[in-house]
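Trainee: Mind folding the following:
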Amino acid sequence: MIGLIVKAEHGTGEELVRELSNRAHVSVQRVQGSQIALLLDSDDMHVIARSSREIQDMKGVVSVYPVFSEESFPF
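Mentor: Residues are numbered from 1 along each chain as shown. Here you go, the predicted model:
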């Protein structure tokens, strides 16, 4: 599982949230302005990498940033 912040172009956030909500392995956690926080849920790094690239290529997406937190590490 990995957290991502998706930065959207102005005025495209609502449509992106709808599209992202319908994608496999994706759950939208929070929306704040033009930023969408989501989780990619898969143990397969290939699925995570492909999904991240596909999200980056979506219309209205400016950028995609991984989110790292202390709770993410198993130690």
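Trainee: Only the C-alpha atoms, please, for stretch 43-55, written as CSV.
Mentor: Presented in CSV, the C-alpha positions along stretch 43-55 are these (Å, rounded to 0.1, in the frame of the first residue of the first chain):
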residue,chain,number,x,y,z
ASP,A,43,1.4,-5.8,-2.8
ASP,A,44,2.6,-5.9,-6.4
MET,A,45,5.0,-3.1,-7.2
HIS,A,46,4.3,-3.4,-10.9
VAL,A,47,0.6,-2.6,-10.3
ILE,A,48,1.6,0.4,-8.1
ALA,A,49,4.1,1.7,-10.7
ARG,A,50,1.6,1.2,-13.6
SER,A,51,-1.2,2.8,-11.7
SER,A,52,0.9,5.8,-10.7
ARG,A,53,1.9,6.3,-14.3
GLU,A,54,-1.7,6.0,-15.5
ILE,A,55,-2.8,8.5,-12.9
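Trainee: Rounded mean pLDDT for that stretch, please.
Mentor: For stretch 43-55, mean pLDDT is 93.
Trainee: ok, residues contacting it?
Mentor: Here stretch 43-55 makes contact (Cβ atoms under 8 Å, 6 or more residues apart in numbering) with 2, 4, 6, 20, 23, 25-26, 40, 42, 61, 64, 66. The way it works is simple: take the backbone N, C-alpha and C, and place the C-beta from them, glycine included.
Trainee: Residue 39: neighbouring residues, count only.
Mentor: By other Cβ atoms under 10 Å, 15 other residues sit near residue 39.
Trainee: Having no further points to raise, I will conclude here.
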